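>>> Need the 3D shape of this:
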Amino acid sequence: MPEPPDSLESTAEPLHYRRPWRKEFLVQYERTGRLYHVLQALGISKAKFDREVTRDPKFARAVEVRRQRYADTLEDQFDKMFKSNARGNVVAGIVLAKKHRPHDFIERHAGVTMQVDAVATMEQARALLSLMLHDATPELQARLAVPVPSLVAHDEPEGPV
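Have a look, this model is predicted:
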């Protein structure tokens with residue numbers, strides 16, 4: 001992968017007198033990572049910014065380079081936090097990192113949600129639930145405050161559940 005360019009001049013067309021805000025935007029955005037704040041400080045609307053990025057792919061790349069450099073700054077701060085005894089607000093840092101590099105800061109968890117519409121007898125429903133709870137880990141059974149079920153059928157009247 002090629003090294004990101006170091007300056008706007010090497011990544012975009014020469015600055016035209018009608019767009020002098022671009023260079024200052026790139027400097028401030030790399031320093032703060034705060035898109036809307038920088039645009040507001042420069043008096044540039046988000047719509048105008050979006051038009052410039054869409055119209056000029058070189059400028060779009062320069063913006064992305066600055067965003068990645070800011071993300072590098074965040075990662076450097078994390079390294080310092082974890083290597084020192086005085087830790088800052090780690091959660092806030094992770095939130096910022098996810099904003100700028102979502103593909104690198106992924107929550108790794110899985111869940112399954114299921115909704116089943118079926119007609120079963122009370123006995124069939126209890127048997128299914130019993131099997132499900134029997135296969136649950138002891139930790140989950142304890143959290144559910146459910147005793148380990150036996151696989152013995154209960155005497156309940158039959159009928160749809």
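>>> okay, CA-based contacts and neighbour counts for the rest of this
Will do.
>>> Go through this structure and flag its longest helix.
Longest among the helix segments of the chain by residue count, using DSSP state H, is helix 57-83.
>>> Angles on the backbone of residue 121, please.
Phi and psi for residue 121, reported as degrees, to the nearest 10, are phi -80, psi 160.
>>> Look at it and say how many residues are nearby.
If you count neighbours by other CA atoms under 10 Å, residue 121 ends up with 15.
>>> Return the per-residue confidence for it.
Looking at residue 121, its pLDDT stands at 85.
>>> what pairs with it across the strands?
Here residue 121 sits in beta bridges with residue 160, going by DSSP bridges.
>>> so how far is residue 128 from it?
11 Å (CA to CA, to the nearest Å).
>>> Tell me how far the longest helix of the chain lies from the chain's centre.
Centroid separation for helix 57-83 versus its chain: 16 Å, with CA atoms, centre = their mean, to the nearest Å.
>>> That one - contacts with which helices or strands?
Judged by 3 or more CA pairs under 8 Å, 6 or more residues apart in numbering; DSSP states H and E, the packing partners of helix 57-83 are helix 8-11, helix 21-32, helix 46-55, helix 90-100.
>>> Dump these to a markdown table, plus mean neighbour count.
Below are the helices and strands packed on helix 57-83 laid out as a markdown table (neighbours: other CA atoms under 10 Å):
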| stretch | mean neighbour count |
| --- | --- |
| helix 8-11 | 16 |
| helix 21-32 | 18 |
| helix 46-55 | 13 |
| helix 90-100 | 15 |
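>>> mind checking how far residue 33 is from residue 60?
15 Å.
>>> my bad, should have said residue 125
58 Å.
>>> Check residue 136 too.
Distance from residue 136 to residue 60, by CA to CA: 51 Å.
>>> In terms of packing, which of the two has more residues around it?
residue 60 (17 against 13).
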